[in-house]
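Enquirer: sequence isn't available, so here's the structure alone:
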C-alpha cells in the first residue's frame, strides 16, 4: 500500500512561567510529542512518499516566530518543527513536497483551556486560557483546515491562518522591540499572581471582547481530561 500524504499535526502545549517549573524534565513530553512526533513518522513514511511523489504537511505554529510568554517549551518545540521542515524541503528538492503551517490561535482543545501545568500535569483551566489568548481572535477549525488543504493541494511552501499574522512575523523580524512592547503591556506577569489576571484578560472582561473574538465552542465544559 502506497502513501500519498503525511499529516504531522500532533500538538501539546504548556502554559506556565519558566521560572515556576520545578523540574524541566517534566515538560520534555512537549518536545517528545511536538518535535519527535513529527520526526519519527516522517522518517518512516519518506521512502513511500518518494515512490509516490507524495507530500508532507507539517503543523508548526505562529508561536515558533512570535515567542509567546508562558509557552517556552511549546515555542521551542514548534520552532524546531519549523526548521526541521524547512531543512527537509531543501534536502528533498522536488521529490516530495513539503508544506508548513504557522497558524495562530485555532479552535481546538488547546484553546478550550487544555494544557500542561508547570508540573507537567494535564489540566483544563479556561481562566488561564483567556489570559494566554488575550485579545487575539480564535479562528474556527473549519476555516483553518480549508486553508491548509488548499495550500497542500497547490504545493505551497507555507500557509498562515489567519493571514494577517504575517504582519506580526515581519514586526518580530524587523522591529522586535514592537512585539516585545506588546507582550510586556498585555502579558506582563503581575506581582504576586500566577498570571490568570494578566492585563489582556482584564481588558477582555471589561469590554466583552471575549464573545466576539472566541467562538462559542470554547466555552464548553466537556473537554477530555486525559
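Expert: Received, thanks. Everything numeric in this text was worked out from a predicted model, so none of it was measured.
Enquirer: list the buried residues for the helix or strand where residue 132 lies?
Expert: Using DSSP states H and E, residue 132 falls within helix 126-133. Of the residues in helix 126-133, 126, 128-133 count as buried by neighbour count, 16 or more other Cβ atoms under 10 Å. Bear in mind the C-beta positions are built from the backbone N, C-alpha and C, glycine included.
Enquirer: following element in sequence after that helix, please.
Expert: helix 141-153.
Enquirer: contact partners of that next one?
Expert: 5, 55, 57, 59, 97, 99, 101, 103, 106-108, 158-159, 161 (Cβ atoms under 8 Å, 6 or more residues apart in numbering).
Enquirer: off-centre distance for that helix?
Expert: Here helix 141-153 is found 16 Å from its chain centre; the criterion is Cα atoms, centre = their mean, to the nearest Å.
Enquirer: likewise stretch 103-113?
Expert: 8 Å.
Enquirer: equivalent analysis for stretch 79-94, please.
Expert: Centroid separation between stretch 79-94 and its chain, computed with Cα atoms, centre = their mean, is 18 Å.
Enquirer: how about the biggest helix by length in the chain: buried residues?
Expert: Ranked by residue count and defined by DSSP state H, the top helix of the chain is helix 72-92. Residues of helix 72-92 classed as buried by neighbour count (16+ other Cβ under 10 Å): 72-82, 84-85, 88-89.
Enquirer: sorry, back to before: kindly indicate which of the contacts of helix 141-153 lies nearest residue 118.
Expert: residue 108 (21.4 Å; Cβ to Cβ).
Enquirer: related to what we said a few turns ago, narrow the contacts of helix 141-153 to those that are buried.
Expert: For the contacts of helix 141-153, buried by 16+ other Cβ under 10 Å: 55, 57, 59, 97, 99, 101, 103, 106-108, 158-159, 161.
Enquirer: dump those residues to JSON lines, plus distance to residue 143.
Expert: Converted to JSON lines, these look like this (distance: Cβ to Cβ, whole Å):
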{"residue": "55", "distance to residue 143": "21"}
{"residue": "57", "distance to residue 143": "17"}
{"residue": "59", "distance to residue 143": "15"}
{"residue": "97", "distance to residue 143": "23"}
{"residue": "99", "distance to residue 143": "17"}
{"residue": "101", "distance to residue 143": "13"}
{"residue": "103", "distance to residue 143": "10"}
{"residue": "106", "distance to residue 143": "9"}
{"residue": "107", "distance to residue 143": "9"}
{"residue": "108", "distance to residue 143": "13"}
{"residue": "158", "distance to residue 143": "17"}
{"residue": "159", "distance to residue 143": "12"}
{"residue": "161", "distance to residue 143": "7"}
